[in-house]
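Asks: no sequence for this one, just the structure:
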């Protein structure tokens, strides 16, 4: 009987210790710590990208076919124009009939120093962090003219086959791609620029156009005929170079969906 009592006491004491251990563990409680990161609008200029495969980790060096010292650098700020192609129509014989000439395609050196060609293009970047949308437009400041001011009367510069491209489209289905992609307003047919008049090229509605986007003038198949210059046969043509300037403007004016 004495042994039974001692054994029973031992069991009760052991059970009490287990209960105490379990209670202490439950009283450890919870503790929350935090993590935080804050972004601000980006201001550093972006490098030109490959118009065929715009990978931001593989910038390219474009060739300016008009100015051998170019191209000029892009604009600074959270909403920037990073690059715009210049159009070279080459040396042509004087004709007395209407003739359409096509600009040379964009030449560039890729990130591995390989010489390539692709569509002429304009590259823009939105790093504002607002998703408010934007508008890209162009103005041909004046008619093609010589350094002495002799104009190429009736000449019409045309853009065609435009489309928006970005690495952000990679892997998305058509619905998700459409939700983030700006609208290329000069996409089908040909739009002729009117000297002195604004032409809207690409628009991004709210939540579209975030990051870097390219307006490509043509694809691998159509790039060689996507930038044109129609010269009337009756226009006077001197033995001289005719030039014009295109001013590209990126506005933060929100565009309605």
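Replies: That came through, no problem. Keep in mind that what you see is a predicted model, and the values were worked out from it rather than measured.
Asks: flag the shaky bits of the stretch 51-200 of the chain, pLDDT-wise.
Replies: Scanning the stretch 51-200 of the chain for pLDDT under 70 picks out 186-190.
Asks: try 80
Replies: Scanning the stretch 51-200 of the chain for pLDDT under 80 picks out 186-191.
Asks: what segments of it are strands?
Replies: Along the stretch 51-200 of the chain, the segments classed as strands by DSSP state E, counting those that start in this stretch run 61-62, 79-84, 99-102, 106-109, 115-118, 120-126, 134-140, 156-160, 162-165, 183-184, 190-192, 198-204.
Asks: quick one: list the elements packing against the second one.
Replies: Which is strand 79-84. strand 120-126, strand 246-251 (3 or more C-beta pairs under 8 Å, 6 or more residues apart in numbering; DSSP states H and E). To be clear about C-beta, it is placed using only N, CA and C from the backbone, and glycine gets the same treatment.
Asks: ok and that strand relative to strand 246-251, angle-wise?
Replies: 150 degrees (axes from the mean of the first three to the mean of the last three C-alpha atoms, to 10 degrees).
Asks: given strand 79-84, what are its sheet partners and their directions?
Replies: strand 120-126 (antiparallel) (DSSP bridges).
Asks: now the partner strand, how far from the chain's geometric center?
Replies: Centre-to-centre, strand 120-126 and its host chain are 5 Å apart (C-alpha atoms, centre = their mean, to the nearest Å).
Asks: looking at the strands of the stretch 51-200 of the chain, which one is packed in the most?
Replies: Highest mean neighbour count among these (mean count of other C-beta atoms under 10 Å): strand 120-126, with a mean of 25.
Asks: what's that strand in contact with?
Replies: Contacts to strand 120-126, defined as C-beta atoms under 8 Å, 6 or more residues apart in numbering, come from residues 46, 48-49, 51, 54, 74, 78-85, 87, 103, 105-106, 134, 136, 201-202, 204, 209-218, 223, 226-227, 248, 250.
Asks: starting at the chain centroid, how far to stretch 172-189?
Replies: Per C-alpha atoms, centre = their mean, the centroid offset for stretch 172-189 relative to its chain is 13 Å.
Asks: how about the nearest residue to residue 127, chain neighbours excluded?
Replies: Residue nearest to residue 127 in three dimensions, not counting chain neighbours: residue 42, with 3.3 Å by C-beta to C-beta, 6 or more residues apart in numbering.
Asks: gap between the one you found and residue 165?
Replies: 21 Å (C-beta to C-beta, to the nearest Å).
Asks: for residue 173, which of the helices and strands packed on strand 79-84 is the nearest?
Replies: Counting by C-beta to C-beta, residue 173 lies closest to strand 120-126 out of the helices and strands packed on strand 79-84; the figure is 22.7 Å.
Asks: in the chain, which spans are helices?
Replies: Taking DSSP state H as the criterion, the chain contains helices spanning 2-26, 174-180.
Asks: tally up the residues packed near residue 28, please.
Replies: Other residues near residue 28 come to 7 when the count uses other C-beta atoms under 10 Å.
Asks: what's the pLDDT at it?
Replies: In this model, residue 28 is scored at 87, pLDDT.
Asks: surely residue 202 and residue 184 touch.
Replies: Yes: here residue 202 reaches residue 184: they are 5.3 Å apart, a contact under C-beta atoms under 8 Å.
Asks: give me the common contacts of these two.
Replies: 162, 164, 215.
Asks: residues in contact with the second one?
Replies: For residue 164, the contacting residues are 181, 182, 183, 184, 202, 213, 214, 215, 216, by C-beta under 8 Å, 6+ apart.
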